[in-house]
Every structure is written in C-alpha cells, then in structure tokens.
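Got a predicted model here, sequence first, then my questions.
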Amino acid sequence: MTRKGNIQWLLGELPGWVGQGVLTPEQAESLRRHYRSAQPAAGRGWLLTLFAILGAVLIGFGIILLLAHNWEQISRPVRAGMSLALLLFGQVMAGRAVVRQAAAAGLREASSAFLMLVAGASLALIAQTYHVAADMESFILTWMLLGLPLVYTHRAVLPAVFYLAGVSSWSLMALETCGPTGYWLLIALLLPFLWARIREDRYQARAALLLWGLAVSLLILSGVITGEQEDEYLLLMFSLLLASFYLADALWLEGAPTAWQRPTKLLGAGGIVIMAFILSFEWEAGRLSFQEYAAFVGGGLSGVLLGVCLPLLYLATAGRAVLGGRGGRMVFGVFPLLVWIGVLAGQGRGWLIANGYLFGLGLFLLVSGARQRQLGKTNGGMLILGALIIIRFFDSDLSFVAKGIVFILLGLGFLGANWIMLRRKGGAP
Amino acid sequence: MNRRVLLVLFLAACVAQWVAATWKIAERELILRLGHVYKFKTAPMDPVDAFRGRYVAVRVEQNTAPFEGPWTRKQGGWFFAELAVGEDGFARFVRLHRRPPAGAPAIRTRIASFNVQEQKAWLNLPLDRFYMSERQAPEAERAYREHSRQDAQDAWLAVRVWRGRAAIENLYIGDRPILDVVR
C-alpha cells in the first residue's frame, strides 16, 4: 500500500480505536492533525515536480522547433558553435542535479529530460548545418544511446520513457535491415533501472509510468516481430503476452490504489477482449507444426524469448496465480489455451470457441461484479455481452436461422435463470 | 550507486555526447575543406523533418552503378561507389567496391536495390537533402518547378568528396546557387 493509502487507512481506523479505548480522543485528534497536514505537502511536492518537468520538456521542444526553422542569416561556424554551446548548457543544468546529492526528484527529472532533448537538438542542428543525409535510424539510435546514461545518473523516469519511445521507433524502422535482436538488447539496457524502481516502491507513479511505457513498447514490437512470421505465431505469442501481463498484475500489482497504476492489468484484459472479438469472426489459421516452431525458436534471440521464455513466463504466472488462491484470474489467463485449442490445433472451429469465451467472460464479470458490488466489473461484463450480441446480430457470415435459434436459446436461458433465482429468493416473478 | 560513481558516469556521458557532436562537425569540415568537388544532376522537392526543419529533398539522377552481386537486403553492408566525370562535366558511378578503391575517388554508400539480370545496383546515397529556412524551402521548390517547365532540368549538387565521405556544398539551379535564386 502506498504512503497515501496508509494514511487514509489510519484516519479511517481512528474512530474505532478511540471507541475501543486504544487511543484517547486527544491522541486521535493529534494523529489526525499530523497526517492531514502531511497530505497537502505531498500533493504540492508532486505539483512542483510536474511543473518542473513540463517546463523543461516544453523549453526543450521549443529549442528543437526554433532551430528547425533554419536561420539563414547564421553562418556555418556559428551554427556549429551554437550546437555545442546548447549541449554544454544542458550538461551544466543536468550536472547540478548530480553534484547536489539530495536533489529533488523534480530537478533530477526536469534537468535530465532537458539534457536528453537538447542533445537531440544539438545533433539535429549539426545535421541541418552540414546537410547530412536522412538516415533517421542512425540519428535516433545515436541520440538514445547518448541519453541512456542520464536515466541512471539522475534516477529519472522521463528520459527512460523517451528512451523507450526512441528505441521502439528505431526498431520499427530498422527491423528489415537490422533484425529484431537489437530491440531486445536495447530494452535490456533499461531493465536494471526498472528493477530498481520496482524494488523501491512498485506503486509509485514513476514506476507506473515506466511500466506503461515498457508494456506498450513490448506489445507493439512483439506484434510486429511475430507478425513477420505466419499468423499462427502472432496469435499464440500475442495471447501469451497479454495473459502473462494480466496474471503478472495479480501477483505483483494487486495492491495499487488506482487503476492507472496497473498498466499490465488494463492492457492485458483489454487486449484479450479485443483479440477474442477479432477471433470471433470466421478465421482461417494454419496448423502450428512442431518443426516450424522449432525453426522459429532456433532462428535467433526473438525466437528464444517469444517461443520459450514467454510460454515459461505464462506457465509460471498462471501456476502462481492458481496456487496462490487467485484462480479467478484464470478467467482471462485461460485465453492462450483457448487460442491454442480453438485456432491453432486446426479444428476450424476457433470462431465458435471465441464466441463462447466472450459470452462466458461477459457473464462471469456481470455476475461476480453484481455479487461483489463492483460497478466497473458489472459494466465491463455488460459491455462485452452487449457488443457480442450486436456484432453477431449484424454478422453476415452466419445464417439467419442459426443466429435466430442461438439468440432465442440464449434469451430463454437468461429468463430461466431469472425465474430460478427469484424462486430461490421466494419473491414473486 | 554512490555519488562519485554517478558523477563519473555522468561525466563519461557528457564526453560521449561531445565526441558524437564534434566528430560529426570535424568530419564534415574536413570534407568541405579538403575534398574534391563533383557535380551531380538532381531533381528537388520540398518536405519537412520534425527535428531538423525544412529541406529540399534531392534525388541524384545517376544513382546506379554496375554491380555483379551477390547482394541481399538482409546482408546490407557498406560499399564504395567509384566516381568518374562524364563529358558533360557531371559525375556518375562506374563500379562498386567492398573496400575503398586505391587511387580512385569513391563515395561510401549502401545499396537500395539490386537487379541480377541487369547487373545493376541502385544506391542509397548520403546526398538526399539540402536544408533551408522555413521561408526559403517552399520558394526553392517553386523556383525549381518554374525552371523545369522551361524544359531545362538543370538542378545539380556540388558535392565535396574526401576519403570515401561526401558532403553537400551547395545546390544549384542552372549556374546560380539556390540561395541566390530565392533571395
């Protein structure tokens, strides 16, 4: 639980403790005053950090745009000098945060983000001055590698997010010429920092921001890398990745106070629902043969990571979720198995399983949300069921008779369930 | 990490940033000061780069070279395109080498595509953009189009070549530098 969450819990407990005689009313009031005064200070600290970051980023982008104007009046040597002076200015600003041992998070984040941006602006100004050829790949890769040390020297998340965005863009551009190995190696350079932030406090906003960046980057790049193979690989790897995201959240991020601090849960669950909807249409995918799979795994680092490590991660997270008493999480976690059985085993009935899965998932969320009085869950279930009904109603691939019979049977099922529940309660129908 | 280690790491990062910036400046200055000038016929147009601003995109007309192969896109790699000057005074590429050819001028380049039947490679030359100000770049494009309408497609690049590296010195329309044309 975060510090803010602890304080809220403590303030909520105080009346009970006073009632039980654990604390005197004076002591309770003293604690209340102490912690209430601490809360706005923390809020102000965050605001200061955010303003410092926003200021530095805006100035950095402004400098890039000003230089991009390409001032024709300025001579070549002066432009070269300007680009170096700009770099030096950014380095001096960022250097202050390293020299001052107890520099505030705002100063560290803002100054390192500023230096990262002016380093890019400086390289861009040199390229502009000397009419250097396009080669966006080398420009971005050089920029990101030069900025990466700032992530560690300043313990700053913003340069790390810039780095993630940069190396992901580079990997997308250079995938054809350099292959996918570079992406994994570049991401690996950031892992010690991510690990340190998670160990420090996994629920802090900075760790959440970093996780968001990493999760989005992994989703996009894994999709593109496996998309180079046949459709079957894309389906299997993507479903494994999404389910692993979702299950990992159950194991490590369940105590997060807000939903946005759980990026793997949101992306995992959202991705699984979207993917199930896509598969709920008529879908043709070939059978995944063992020989082809072995060739994919033996094809390089991506094959090993996506073909071996990812299934192992899935099995580990699923096993821990089930053994740790979080079996309910397998409602989403079971999805890769259904993809495997339904689509990749070559039975040709994958769309039927996807429809059944979505129906079951929607119903489960609806019922468990109503039981636990969780409005979000109930609405999620309603949304899935509603979307499924509308999509199937207008689906031109299915015959009217088949659709009509299924709809009537399901409707009767719902009415029957309603009747049974009312009778159990002893109320009038 | 303690403060001293962080400081050393930060200083190393600063030095790396300086080396990257000054190396690029020094390399380009050396080419522009010591290189030999070659003329390349081009066809300009006017796009935008979010980081580096507006530029006139140029395409060297003679961007092919005889090549026996083999070459695949995955293999990639750098090549040296040997230069020769034609009777019209413009440069063209006469051969591709894996290593810098001794005693012959060449530009380091990558191959964009290769035709086995024609034994010819299309080059991905490092001569594809001439940066101008926001005001000048659209005017340069307009001036070029008006000039082309008179059936005189004579835009060309002056390129300095030194030890396999090339740097654009200027872009001309007819016999006038483009900055004079749009001034």
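That came through, no problem.

CA only for contacts and neighbour counts going forward, please
Fine.

For the chain, give me the ranges with low pLDDT.
Since you didn't name a chain, this refers to chain A. Under the criterion pLDDT under 70, the flagged ranges of chain A are A:1-5, A:8, A:36-48, A:67-73, A:101-103, A:134, A:283-287, A:343-348, A:396, A:424-429.

could you do chain B instead?
Screening chain B residue by residue with the criterion pLDDT under 70, one finds the ranges B:1, B:43-53, B:73-76, B:145, B:147-153.

what residues are up against the spatially most central residue of it?
Nearest to the geometric centre of chain B sits B:Leu127, at 1.8 Å (CA atoms, centre = their mean). Applying CA atoms under 8 Å, 6 or more residues apart in numbering or on different chains, we find B:Leu127 in contact with A:132-133, B:58-60, B:166-168.

Break chain A down into its structural domains.
Domain segmentation of chain A under automatic domain parsing yields A:56-69+A:76-99+A:106-132, A:155-228, A:230-398.

mind checking which of those is nearest chain B?
domain A:56-69+A:76-99+A:106-132 (3.8 Å; CA to the nearest CA).

For the closest one, measure first residue to last.
Criterion CA to CA, to the nearest Å; first-to-last residue distance in domain A:56-69+A:76-99+A:106-132 is 28 Å.

for it, the distance to its chain's centre please.
30 Å (CA atoms, centre = their mean, to the nearest Å).

Burial check on A:Ala85, number of neighbours?
Residue neighbour count, defined by other CA atoms under 10 Å in any protein chain shown, stands at 13 for A:Ala85.

dump the residue contacts of A:Trp212.
In this structure, A:Trp212 makes contact with A:263-264, judged by CA under 8 Å, 6+ apart.

buried sites along the host helix or strand of it?
Under DSSP states H and E, the secondary-structure element containing A:Trp212 is helix A:205-227. The neighbour-count check on helix A:205-227 (16 or more other CA atoms under 10 Å in any protein chain shown) flags A:206-219, A:221-227 as buried.

residue boundaries of the helices in the stretch 151-300 of chain A?
A:157-178, A:181-188, A:191-201, A:205-227, A:231-252, A:263-279, A:290-297 (DSSP state H, counting those that start in this stretch).

Against B:Val5, how distant is B:His36?
Note on B:His36: its distance to B:Val5, by CA to CA, is 47 Å.

now swap in B:His97 and tell me
Distance of B:His97 to B:Val5, computed by CA to CA: 46 Å.

Show me which of the two is the more surrounded one.
B:His97 (14 against 11).

Tell me the bridge partners for that one.
On the basis of DSSP bridges, B:His97 is bridged to B:Phe80.

Go ahead and confirm it touches B:Ala81.
Yes - contact between B:His97 and B:Ala81 holds when scored by CA atoms under 8 Å: they sit 6.4 Å apart.

and the residue nearest to the centre of chain B, which of the three is it?
Put simply, B:Leu127 is coil when judged by DSSP: H, G, I helix; E, B strand; the rest coil.

Next, it: phi, psi?
The phi and psi values for B:Leu127, taken as degrees, to the nearest 10, are phi -130, psi 70.

List the contacts of B:Lys41.
Contact criterion CA under 8 Å, 6+ apart gives B:60-62, B:90, B:154-157 as the residues in contact with B:Lys41.

before we move on, what about A:Ser122?
By CA under 8 Å, 6+ apart, the contact list for A:Ser122 reads A:83-84, A:86-87, B:21.

So which of those sit within helices?
When the contacts of A:Ser122 are checked against helices (DSSP state H), the matches are A:83-84, A:86-87, B:21.

ok so, going back, make CSV from the contacts of A:Ser122 and add neighbour count and distance to B:Val161 to it.
As requested, the contacts of A:Ser122 are arranged in CSV below (neighbours: other CA atoms under 10 Å in any protein chain shown; distance: CA to CA, whole Å):
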residue, neighbour count, distance to B:Val161
A:Ser83, 25, 24
A:Leu84, 22, 25
A:Leu86, 16, 29
A:Leu87, 24, 29
B:Ala21, 22, 21
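
I'd like those residues laid out as CSV, including distance to A:Val22.
Written out in CSV, the entries for these read as follows (distance: CA to CA, whole Å):
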residue, distance to A:Val22
A:Ser83, 66
A:Leu84, 65
A:Leu86, 62
A:Leu87, 60
B:Ala21, 66
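
Pick out the most distant pair among the residues you listed.
Checked with CA to CA, these reach their widest spread between A:Leu86 and B:Ala21, with 11.1 Å between them.

Quick one: which of the contacts of B:Leu127 is the most crowded by neighbours?
Top of the contacts of B:Leu127 by neighbour count (other CA under 10 Å): B:Ala166, with 27 neighbours.

helix, strand or coil for the residue nearest to it when sequence neighbours are not counted?
Counting by CA to CA, 6 or more residues apart in numbering or on different chains, the nearest residue to B:Ala166 once its immediate chain neighbours are dropped is B:Arg160, at 5.6 Å. Following three-state DSSP, we place B:Arg160 in the strand state.

if we can go back for a sec, quick one: which of the ones in helices among the contacts of A:Ser122 is nearest A:Leu14?
Where these are concerned, and distances follow CA to CA, A:Leu14 has its nearest neighbour in A:Leu87, at 54.3 Å.
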